[in-house]
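> Need coordinates for the below:
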Amino acid sequence: MVKTLHPQNYGDAYDVGDYFRKGVPVVMDLTSLPKAEAVRLVDFAAGMVVGRGGSMDRVAPRVFLLTPPGVSAEDTQPEPAKAPS
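I've put the predicted structure just below:
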């Protein structure tokens, strides 16, 4: 399971951290935030990810995938659709 969050302000950093600490990969979509708040959330997320041994990847402009330690990137991607037989 991957949790997608759309923070509305820096106060929503708590939710990002809570899911990440529980071992849930988080897609953090910052497209609706002003640039200054988006930068603060990216800084928070980067520190949390480094401190806990996870990883952070940009998947689109202002959209980031935070992967907790012990979860591989392959686990966060949906399986490709199978062709009908």
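> how about stretch 9-20: buried residues?
Using 16 or more other C-beta atoms under 10 Å as the test for burial, stretch 9-20 gives Asp12, Ala13, Val16, Gly17, Tyr19, Phe20. Where C-beta positions appear, they are placed from N, C-alpha and C, glycine not excepted.
> Out of the residues you listed, list just those in strands.
Using DSSP state E, no member of the buried residues of stretch 9-20 falls in strands.
> and which of the residues you listed is nearest His6?
Asp12 (8.4 Å; C-beta to C-beta).
> related to what we said a few turns ago, pick the one among the buried residues of stretch 9-20 closest to Leu65.
Nearest member of the buried residues of stretch 9-20 to Leu65, counting by C-beta to C-beta, is Phe20, at 10.9 Å.
> show me where the chain has strands.
Using DSSP E, strands in the chain cover 3-5, 26-29, 55-60, 63-67.
> If you average the pLDDT over the last one, what comes out?
Translated: strand 63-67. What strand 63-67 shows for mean pLDDT is 96.
> Strand 55-60 and that one, what's the angle between them?
160 degrees (axes from the mean of the first three to the mean of the last three C-alpha atoms, to 10 degrees).
> With distance to Val49 added, can I get the strands of the chain in TSV?
Shown next, in TSV, are the strands of the chain (distance: least, C-beta to C-beta, whole Å):
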stretch	distance to Val49
strand 3-5	15
strand 26-29	10
strand 55-60	5
strand 63-67	6
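> okay, those strands in TSV with distance to Asp43 and mean neighbour count next?
What follows is those, written out as TSV (distance: least, C-beta to C-beta, whole Å; neighbours: other C-beta atoms under 10 Å):
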stretch	distance to Asp43	mean neighbour count
strand 3-5	16	15
strand 26-29	12	21
strand 55-60	11	13
strand 63-67	12	21
